[in-house]
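[1] prediction below, plus the sequence it came from.
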Amino acid sequence: MLVARFYAPGDIRLEEAPEPHAGPGQLKIAVANCSTCGTDVKIHRHGHHHIRPPRVIGHEIAGRVTEVGDGVTGWTPGDPVQVIAAIPCGGCAECGSGRFTVCSRQESMGYHYDGGFAEYMIVPEAVLAVDGVNRIPEGVGFAEASVAEPLACVLNGQEIAGVGEGDTVVVVGAGPIGCLHVRLARARGASAVYLVDLNRGRLDMSAAAVRPDAAICGSETDPVADVLRLTGERGADVVITAAASGRAQEDALRMVARSGRISFFGGLPKDDPIISLDSNLVHYREISIFGANGSSPDHNRRALELIASGAVPVTDLITERMQLTDVHKAIETVASGTAIKVTIQP
């Protein structure tokens with residue numbers, strides 16, 4: 001079978017590999033879709049400290065069960081499934097209190113275990129132990145189901161920040177995550193959603209799909225001034241920084257309303273993680289700043305339900321569908337920002 005293995009930064013190889021078989025406690029699936037994201041770009045360019053190469057990468061996974069290992073119940077060959085990316089251990093203090101996204105021993109598909117850039121893959125026992133395999137609802141395609149993983153992360157972030165009825169929401173970053181934030185905020189009852197990006201082409205492409213109440217190009221205007229103008233100088237109830245930008249995080253503090261909430265959804269580069277933050281603004285205006293990290297198995301289940309119900313449509317966000325042989329092109333397309341969501345169909 002064909003796989004895409006990461007060996008080193010800049011070195012992802014298409015290789016033939018033996019077809020795997022499910023061992024005890026495992027499932028084997030035929031991968032139908034494994035979508036790509038900015039994390040794949042970072043792995044390709046810089047590697048990752050959790051990846052010990054060679055490793056088959058890819059973590060936004062949907063496919064069909066082809067083999068059920070000994071001791072596994074509830075699944076039969078032919079079942080359509082979506083697989084979680086972040087794998088909580090289920091036994092640490094954080095997991096014990098239900099905070100699976102900050103599990104102190106978390107593992108990940110495509111990092112600690114071979115992922116979905118392959119024709120077939122093994123779902124490890126660790127995933128099944130935390131109920132991390134989800135049956136794809138009827139009417140949801142495999143490509144759409146693969147988008148449940150990033151949507152699950154978006155759901156986690158918006159739940160932490162309390163996005164809800166009547167909120168004015170600013171989403172900074174018009175990539176696929178930003179598009180999902182716009183749609184989920186609307187589904188959660190936001191009264192207005194504004195989308196901000198520095199890249200005019202990416203902003204126009206994404207805004208045409210998700211139709212925010214305003215699309216603000218930060219390279220052409222001052223986004224803080226525009227948000228304040230749009231909100232009658234009050235500021236937004238919630239600002240979500242869906243971009244790896246320290247400037248976006250700093251601007252969030254200037255465009256959020258009193259008693260507003262900020263979600264630092266996008267992490268910053270490891271070599272430049274420090275921002276300038278006016279602590280007095282946080283103090284006197286009672287501003288809340290939240291982190292958001294990945295998703296839990298339950299978030300993945302509910303993300304699939306949001307897709308199935310039509311509350312958060314994703315089909316039109318999948319703007320490129322490529323074969324596994326095009327994995328390098330897929331990653332570079334994500335890096336270029338010329339597509340919203342790119343999916344690979346092995």
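    Ah, there it is. Numbers count the residues shown, from 1 in each chain.

[2] next secondary structure after the helix or strand containing Val193?
    Val193 belongs to strand 192-197 when assigned by DSSP states H and E. Following strand 192-197 in sequence order, the next helix or strand is helix 200-210 (DSSP H and E).

[3] starting at the chain centroid, how far to the helix or strand that that next one is followed by?
    Counting by DSSP H and E, the next helix or strand C-terminal to helix 200-210 is strand 214-217. In terms of Cα atoms, centre = their mean, to the nearest Å, the centre of strand 214-217 is found 22 Å from the chain centre.

[4] buried residues, the helix or strand following strand 214-217. List them.
    For strand 214-217, the following helix or strand on the C-terminal side (DSSP H and E) is helix 223-230. By 16 or more other Cβ atoms under 10 Å, the buried positions in helix 223-230 come out as 223-224, 226-228, 230. All C-beta atoms are positioned from the backbone trio N, CA, C, and that covers glycine.

[5] contacting residues around helix 223-230?
    170, 172, 192, 194, 196, 213-214, 216, 234-236, 251, 254-255 (Cβ atoms under 8 Å, 6 or more residues apart in numbering).

[6] what about it, average pLDDT?
    What helix 223-230 shows for mean pLDDT is 98.

[7] ok and that helix relative to strand 192-197, angle-wise?
    Angle between the axes of helix 223-230 and strand 192-197 is 160 degrees (criterion: axes from the mean of the first three to the mean of the last three Cα atoms, to 10 degrees).

[8] returning to what we had before: ChimeraX command for the buried members of the contacts of helix 223-230?
    Selection of buried members from these for ChimeraX, criterion 16+ other Cβ under 10 Å:
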select :170,172,192,194,196,216,235,236,251,254,255
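
[9] so where do the helices sit in the stretch 201-346 of the chain?
    Secondary structure of the stretch 201-346 of the chain by DSSP state H, counting those that start in this stretch: the helices cover 223-230, 246-255, 279-285, 297-309, 327-336.

[10] and this structure, what are its domains?
    2-147+314-344, 153-291 (automatic domain parsing).

[11] and the ones you listed: which comes nearest Arg301?
    Across those, Arg301 has its closest neighbour in domain 2-147+314-344 (5.3 Å, Cβ to Cβ).

[12] pLDDT (mean, whole number) over the closest one?
    Computed over domain 2-147+314-344, the average pLDDT equals 97.

[13] that domain: end-to-end distance?
    Domain 2-147+314-344 has an end-to-end distance of 13 Å (Cα to Cα, to the nearest Å).

[14] how far does that domain sit from its chain's centre?
    From the chain centre to the centre of domain 2-147+314-344 is a distance of 12 Å (Cα atoms, centre = their mean).

[15] for stretch 224-244, same thing?
    Centroid displacement of stretch 224-244 relative to its chain, using Cα atoms, centre = their mean, is 22 Å.

[16] what's the answer for stretch 172-186, then?
    Distance, centroid of stretch 172-186 to centroid of chain: 11 Å (Cα atoms, centre = their mean).

[17] CA-only coordinates of it, as PDB, when you get a sec.
    Extracted in PDB, the C-alpha atoms of stretch 172-186 (Å, rounded to 0.1, in the frame of the first residue of the first chain):
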ATOM      1  CA  VAL A 172      -9.000  36.900  13.200                       C
ATOM      2  CA  GLY A 173      -7.700  34.600  10.600                       C
ATOM      3  CA  ALA A 174      -9.600  33.600   7.400                       C
ATOM      4  CA  GLY A 175      -8.200  30.100   6.900                       C
ATOM      5  CA  PRO A 176     -10.300  27.000   7.300                       C
ATOM      6  CA  ILE A 177     -10.300  27.300  11.100                       C
ATOM      7  CA  GLY A 178     -11.500  30.900  10.900                       C
ATOM      8  CA  CYS A 179     -14.300  29.800   8.500                       C
ATOM      9  CA  LEU A 180     -15.400  27.100  10.900                       C
ATOM     10  CA  HIS A 181     -15.300  29.700  13.700                       C
ATOM     11  CA  VAL A 182     -17.600  32.000  11.700                       C
ATOM     12  CA  ARG A 183     -20.100  29.300  11.000                       C
ATOM     13  CA  LEU A 184     -20.100  27.900  14.500                       C
ATOM     14  CA  ALA A 185     -20.500  31.300  16.100                       C
ATOM     15  CA  ARG A 186     -23.600  31.800  14.000                       C
END
